[in-house]
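S.K.: Kindly generate the corresponding structure for this input.
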Amino acid sequence: MPTANCPHCAADHYWSWQEAFNKFGFNDGDGLVMTDQIADVLRAAGYTVTVKMWGMHNTVITSIAMNGVELIPTDLDYRNGDPSGCLPAAIVTLLDEHDWDSQDEEE
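M.R.: Numbers count the residues shown, from 1 in each chain. Modelled structure (predicted):
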């Protein structure tokens, strides 16, 4: 599980990429939200990604497309589900295998 250092509180936070697909992820938006970093990894791999606010303080990935084809199933449960069970295997593998700790150090 990757960690990221919060620039506001200087504490290290453990997180997972799956939280970017959960309305309650990243401590319901009250923690260090890493949704944009996850979207950036997907974009670097050639996907078109949409990130939207959900509620007043959290962001989630609402669209991942390749060549105009939407890859997030319409039945993805943004409240209680695990996106790794319904996203395409290539996306899950990309996000599982990405070196998140290295990315955090580069930013």
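
S.K.: alpha carbons only for contacts and neighbour counts from here, please
M.R.: Noted.

S.K.: Tell me which residue is most central in this structure.
M.R.: Ala20 (3.2 Å; C-alpha atoms, centre = their mean).

S.K.: Go ahead and report the secondary structure state at that one.
M.R.: The three-state label given to Ala20 by DSSP: H, G, I helix; E, B strand; the rest coil is helix.

S.K.: any idea how far it lies from Asp36?
M.R.: 8 Å (C-alpha to C-alpha, to the nearest Å).

S.K.: got the phi/psi numbers for Thr48?
M.R.: Backbone torsions of Thr48, given as degrees, to the nearest 10, read phi -100, psi 120.

S.K.: Ignore what I typed, I meant Ile64.
M.R.: phi -130, psi 120.

S.K.: Just confirm it contacts Gly46, I think it does.
M.R.: No. Ile64 lies out of contact with Gly46 (C-alpha atoms under 8 Å); the separation is 10.0 Å.
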